[in-house]
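Colleague: quick one: sequence plus predicted model below, questions after.
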Amino acid sequence: MRFGRTAIKVAEAQARIAPFIHPGDTEQIALADSSGRYLAEDVTATHDVPHFRRSGMDGFAIRAADTRGATRERPVLLEVIETVPCGDVPTTEVATGQATRIMTGAAVPEGADAVVMFEMTDAVEREGKVYTAVKKEIAPGDNVTAIGQEVQKGTMLLEKGRRINAGEAALLATFGYDTLSVYRQPTVAIFATGSELLPVGEAIRPGKIRNSNSYMLANQVENAGGTPYVQQILPDVVDEAEEAIFNALQTADMVITTGGVSVGDYDILVDILAKWDGDVLFNKLMMRPGSPTTVGRWRDTFLFALSGNPGACFVGFELFVRPVIAGMLGKRERELQPFTAILGADFRKPGAFPRYVRGKMSSEDGQVVVRPNGVDKSSITVSIVDADCLIVIPPGGQGVRAGERVTALKLNVVD
Ligand code: AMP
Ligand code: MG
């Protein structure tokens with residue numbers, strides 16, 4: 001395997017992963033804990049909204065026919081028979097010549113077919129009785145929301161796989177979903193490999209760098225909807241690394257490693273994958289950065305062996321790991337969504353493979369413009385900060401000139 005690596009296209013690599021993507025386990029949780037989780041059940045309206053005839057105004061519930069011919073000069077007098085605060089139910093039917101004082105959101109009494117707002121009435125008292133003088137003709141139905149006018153019972157509201165954001169939470173509460181079924185967050189074990197790596201808390205010293213990939217990946221996992229477990233740094237020693245990785249394959253929903261997949265002398269993942277009893281879906285890609293990115297399956301668990309170069313590691317997660325997590329959360333759109341944009345600055349690097357360049361979007365003269373984010377060497381961590389898209393530079397030629405159209409993939413979309 002060390003020398004027999006066949007490069008495939010990104011789309012082919014994603015297609016090899018796709019058949020193994022399935023919705024994950026579900027669990028029942030309280031609505032109060034549901035922010036950011038993904039629905040595992042379709043949500044339908046359990047009742048009409050409103051489920052009683054509801055007043056849209058503070059005013060008087062009346063029979064519209066009673067106001068025929070009413071004007072400012074010749075108002076119609078209606079006797080006020082009851083007051084209904086919000087949350088109370090009216091007790092008396094409104095008959096001809098009568099009105100019920102009612103607040104916004106309260107139930108409209110039987111007999112009434114419209115609500116006239118306070119501003120169109122005057123209060124009148126005669127012989128100890130209270131009347132309202134209506135100064136305008138009112139049409140039937142005015143300011144009364146009919147039963148089921150907003151939502152009818154049984155209407156499909158939210159499909160499974162939807163992320164619970166503010167609007168979803170409000171709907172779930174409205175329809176009594178005190179507890180609900182969501183997809184369990186996939187657990188992802190993350191290993192950095194490399195004898196040059198230091199734990200973040202240690203002082204730097206010659207030849208050593210701090211492990212930044214694990215924390216970058218942990219953030220990406222969370223953003224995708226999974227639960228990251230950052231594991232220890234593995235040295236470039238096959239046996240030691242192998243044991244840790246196999247332990248994780250048996251406990252986590254998936255495992256990510258970074259580093260050790262190239263053709264260097266100490267690229268241990270290559271050795272582990274050459275002799276394991278799992279499958280390798282691919283181990284070389286026609287793309288930059290991250291051409292040695294390797295994905296395998298051991299029993300039912302994915303092992304994503306991403307490049308050690310931070311830029312390549314980042315891109316590898318977005319293209320190959322994110323869709324698997326998305327699928328386990330029941331999402332329909334699994335891959336990063338492409339869009340067309342104008343390239344804002346020359347990218348004049350020829351390449352045999354498509355290049356995924358970290359970039360930034362902006363809107364200029366009504367057009368979406370994307371610009372490469374600083375120097376795009378795969379080892380430069382700095383250009384990952386602020387990146388909100390991956391610009392796809394096609395292979396061949398001399399790169400792409402400013403002003404030409406390119407395809408880009410949206411990053412950081414939480415939905
Ligand atoms: P490798 O893919 O193992 O050959 O790693 C390539 C380069 O990426 C290394 O020389 C490091 O500079 C860098 N690198 C590897 N792993 C990490 C990590 N966990 N955090 C930051 N940089 C890393
Ligand atoms: Mg290494």
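Modeller: Right, received. Where do you want to start? Ligands and ions are numbered 1, 2, ... in the order given.

Colleague: going on from the helix of greatest length in the chain, what's the next piece of helix or strand?
Modeller: Secondary structure of the chain per DSSP state H: the longest helix is helix 238-251. Per DSSP states H and E, the first helix or strand lying C-terminal to helix 238-251 is strand 254-258.

Colleague: so the residue of the stretch 301-415 of the chain found nearest ligand 1, which state does it fall into?
Modeller: Closest contact between the stretch 301-415 of the chain and ligand 1, by CB to the nearest ligand atom, is at G308 (2.4 Å). Bear in mind the C-beta positions are built from the backbone N, C-alpha and C, glycine included. Using DSSP: H, G, I helix; E, B strand; the rest coil, the structure places G308 in coil.

Colleague: give me every residue that touches it.
Modeller: By CB atoms under 8 Å, 6 or more residues apart in numbering, the contact list for G308 reads A192, T193, G194, N213, T258, G259, G260, V261, S262.

Colleague: pretty sure T6 is in contact with K284, am I right?
Modeller: Yes: with contact defined as CB atoms under 8 Å, T6 and K284 form a contacting pair (6.2 Å).

Colleague: looking at these two, which one has more neighbours?
Modeller: More crowded of T6 and K284, by other CB atoms under 10 Å: K284, with 16 against 7.

Colleague: now do the contacts for the more buried one.
Modeller: Contact analysis of K284 by CB under 8 Å, 6+ apart lists R5, T6, A7, I8, S291, P292, T294.

Colleague: with secondary structure and pLDDT added, can I get the residues you listed in TSV?
Modeller: Shown next, in TSV, are those (DSSP: H, G, I helix; E, B strand; the rest coil; pLDDT from 0 to 100):
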residue	secondary structure	pLDDT
R5	coil	89
T6	coil	94
A7	coil	96
I8	strand	97
S291	coil	96
P292	coil	96
T294	strand	97
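
Colleague: thinking again about what came up before, got the CA positions of the longest helix of the chain in CSV?
Modeller: Provided in CSV are the C-alpha atoms of helix 238-251 (Å, rounded to 0.1, in the frame of the first residue of the first chain):
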residue,chain,number,x,y,z
VAL,A,238,3.1,2.1,15.2
ASP,A,239,2.3,-0.2,18.1
GLU,A,240,1.5,2.5,20.5
ALA,A,241,-0.6,4.4,18.1
GLU,A,242,-2.4,1.3,16.9
GLU,A,243,-3.6,0.3,20.3
ALA,A,244,-5.0,3.7,21.1
ILE,A,245,-6.7,4.0,17.7
PHE,A,246,-8.3,0.5,18.0
ASN,A,247,-9.6,1.2,21.5
ALA,A,248,-11.2,4.4,20.2
LEU,A,249,-12.7,2.6,17.1
GLN,A,250,-14.5,0.3,19.6
THR,A,251,-16.0,3.1,21.7
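
Colleague: that helix vs ligand 2: in contact?
Modeller: No: using CB under 5 Å from the ion, helix 238-251 never reaches ligand 2; the gap is at least 10.8 Å.

Colleague: ok, which stretches of the stretch 51-200 of the chain are strands?
Modeller: Ranges of strands within the stretch 51-200 of the chain are 54-55, 59-62, 76-84, 98-102, 114-117, 121-126, 129-134, 144-145, 156-158, 179-183, 187-192, 197-198, based on DSSP state E, counting those that start in this stretch.

Colleague: state the distance from the residue nearest to G374 when sequence neighbours are not counted to P394.
Modeller: Nearest in space to G374, with sequence neighbours left out and distances taken as CB to CB, 6 or more residues apart in numbering, is S383 at 4.1 Å. Counting by CB to CB, to the nearest Å, the separation of S383 from P394 is 20 Å.

Colleague: and what of Y131?
Modeller: 79 Å.

Colleague: those two: which has the busier surroundings?
Modeller: More neighbours surround Y131 than the other of Y131 and P394, with 20 against 13 (other CB under 10 Å).

Colleague: residue contacts, that one?
Modeller: Y131 makes contact with L77, L78, E79, V80, A123, V124, E125 under the criterion CB under 8 Å, 6+ apart.

Colleague: so the third one is in contact with G128, correct?
Modeller: The reference is to E79. No: under the criterion of CB under 8 Å, E79 makes no contact with G128, lying 11.5 Å away.

Colleague: quick one, which of the two is more surrounded?
Modeller: Shown here are E79 and G128; by other CB under 10 Å, E79 has more neighbours (15 against 5).

Colleague: show me the contacts for the more buried one.
Modeller: Taking CB under 8 Å, 6+ apart as the test, what E79 contacts is G97, Q98, A99, K129, V130, Y131.

Colleague: next, the nearest residue to I21 once chain neighbours are set aside: secondary structure please.
Modeller: Leaving aside its sequence neighbours, I21 sits nearest to G327 (CB to CB, 6+ apart; 3.5 Å). Three-state call for G327 (three-state DSSP): helix.

Colleague: my read: G327 touches Q14, true?
Modeller: No: with contact defined as CB under 8 Å, G327 does not count as touching Q14 (11.5 Å).

Colleague: settle it for me: which of these two has more neighbours?
Modeller: G327 (22 against 17).

Colleague: now do the same contact list for that one.
Modeller: I21, H22, P23, R334 are the contacts of G327 under CB under 8 Å, 6+ apart.

Colleague: near ligand 1, which of those show up?
Modeller: Filtering these for proximity to ligand 1 (criterion: CB under 6 Å from any ligand atom) leaves nothing.
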